[in-house]
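Chemist: my questions concern the predicted model and sequence given below.
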Amino acid sequence: IDPSRISPVAKAIMQYMEDPNLPGSGPAGTGVNLVAAPPTIQDSPRFTAKVDYRPTSNDMIAGGLKLFNDGPYLRGSGTDLDGSYTQGFKQRQVHGTWTRILSPQMTNELQGAFTTYGYHLTDKNNGFDPGSILPALNNQCCAEKTSVDKSEAGRFGGGLPTISFNGYYGITNQAQTKDNRHDLNISNNLTYIKGPHQLKFGGYFYRYQGYWGGMYNTGAGVFNFTGRYTGDAFADFLLGYANTSTRGPAYQFGDFNEKRFGGFVQDDWQVTRRLTVNLGIRWDVETPFVEKKLRQANYDPQLNALVTYSGSSQYPPEVVKSLLGYPVITSDQAGFGNTKYTRNINWENLQPRIGFAFRPFNDNKTVIRAGAGVYYAYESSNQLGLRQVLYAPFALIDTFNAAPGTLPTVTFANPFPGNASTPSAPSVLGYPRDYPDPKSYQWNFTVEREVLKNTSIRISYVGNRTTNASQEYDLNTPRVFGPGNTQDLRPS
């Protein structure tokens, strides 16, 4: 390649590529020609403190403090010039318990905890502004930013474009984030003994507040080189002739809260000296995640539209305007009313429990135990919360494909050609509005027998059946396969 034809963008990026330190096994010294071992440097101090106090003979108060730091540390990956990143995690927790004996038959226990989490990840080349070599990325990144709860100041974002070459080691820009999370847990349990019954009553409240702000590698540009123009992917890179390019919004953020609450009743009933029966029921409710700025939407397959949830008949703030030509409607227009919830609340999560322990003979050598119950699970914030702001209509990822033929159309000189303000297939997230919580039926049966002194045998049967287990899939994937146009095989 004539050196005058090498793209100035490729020259700038090559400054962050390591020189080979091995002769290589392929033509022109390619193949395995570099061995690098970037160090990982980590410091993880931990501190705990605990206090017990008995103000009266009937009261016991305990409290504690936990401080946990993981970093900030340098995480070695890739090569010395590219791939390493700085990462850190911190946790703070204050917790306490108050146990009070109300009477010889009644004891109450009140517990509470407040926990904060902080996390950050910064690419080693965070200070590099990709807009300096790719003007089409100007204003995409690199402003001075703070995390959305204002607790973490300073610049984040920036970095090299992500480059992949067929047959060569590429360049990776880490997703850079500054996250903060606050958890509040309060619970109360009361135990009351009445004759052969040991009754337990309890309830709890949990509040999650999660702040997330970050930049994905699409904010600095993503380029793929395949060798379609020269026969060698790296040669295509030197000329600046890409097969595909991708760009997205630089900064994406979310500020989510969620609440859970519930209660239980349990009776451990000693029916006879040889038989104890356990009866109980639990009730749990989880409210859907709500984003503070109401940046939330859900794709509805029946309406074939993205439905936004702002609590009013208006669009939430920061909807990507170019998508308003795409089917984006408000919850009011969709017939769901002016709600802030992207899905319905499941109020009927009742979970009965039953069990027993029985000694069939007049000795202590044989015991039969059995139990069964219903258990509900909940989705994580990444599944139904955070990803809402990572997809349309709040985040739009544009992918540009080179036109057929031998003439390069996606180049470093013109990396995002054409009008991509209204892409044909933006990434969207959808789940049923009547989203069922995963439910698990669990049961067991055990027989224990002492066969010799200090020797026993246990035989158990354990069963578990789960329904409504969540599974993610692409709605556009054909349900049947055969000859003809693939588009005709997709769901209508």
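Modeler: Nice, thanks for sending it over.

Chemist: helices or strands next to the strand or helix carrying residue 372 in the packing?
Modeler: Assigned by DSSP states H and E, residue 372 falls within strand 366-376. Applying 3 or more Cβ pairs under 8 Å, 6 or more residues apart in numbering; DSSP states H and E, we find strand 366-376 packed against strand 350-358, strand 439-452. C-beta coordinates here come from the backbone N, C-alpha and C atoms, glycine included.

Chemist: check what pLDDT residue 480 gets.
Modeler: Confidence at residue 480, expressed as pLDDT, is 77.

Chemist: phi and psi next, for it.
Modeler: phi -130, psi 160 (degrees, to the nearest 10).

Chemist: over to residue 202?
Modeler: In this entry, residue 202 is assigned phi and psi values of phi -160, psi 160 (degrees, to the nearest 10).

Chemist: gap between it and residue 192?
Modeler: Taking Cβ to Cβ, to the nearest Å as the criterion, residue 202 is separated from residue 192 by 12 Å.

Chemist: for the chain, what are the low-confidence residue spans?
Modeler: Counting by pLDDT under 70, the ranges of the chain that qualify are 78-83, 139-157, 321-326, 380-387, 390, 419-427, 492.

Chemist: all helices of it, in order?
Modeler: With DSSP state H as the definition, the chain shows helices at residue ranges 8-14, 233-239, 381-384, 486-489.

Chemist: save those helices as TSV, and put in mean neighbour count and distance to residue 410 too.
Modeler: TSV is the format used below for those (neighbours: other Cβ atoms under 10 Å; distance: least, Cβ to Cβ, whole Å):
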stretch	mean neighbour count	distance to residue 410
helix 8-14	16	13
helix 233-239	21	11
helix 381-384	17	32
helix 486-489	10	24
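
Chemist: including distance to residue 127, could those go into TSV?
Modeler: Rendered in TSV, the data for those read as follows (distance: least, Cβ to Cβ, whole Å):
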stretch	distance to residue 127
helix 8-14	14
helix 233-239	23
helix 381-384	29
helix 486-489	45
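
Chemist: so who does residue 275 touch?
Modeler: 356, 357, 358, 359 (Cβ atoms under 8 Å, 6 or more residues apart in numbering).

Chemist: neighbours of the closest residue to residue 64 other than its chain neighbours, how many?
Modeler: In space, and not counting its chain neighbours, residue 64 is closest to residue 50: 4.2 Å by Cβ to Cβ, 6 or more residues apart in numbering. Taking other Cβ atoms under 10 Å as the criterion, the count of residues near residue 50 is 10.

Chemist: returning to what we had before: can you tell me which of the helices and strands packed on strand 366-376 is nearest to residue 400?
Modeler: The closest approach between residue 400 and any of the helices and strands packed on strand 366-376, judged by Cβ to Cβ, belongs to strand 439-452 at 44.3 Å.

Chemist: gap between residue 100 and residue 187?
Modeler: Taken as Cβ to Cβ, the spacing of residue 100 relative to residue 187 amounts to 15 Å.

Chemist: who has more neighbours out of those two?
Modeler: Neighbour totals were compared for residue 100 and residue 187, and residue 187 leads with 18 against 14 (other Cβ under 10 Å).
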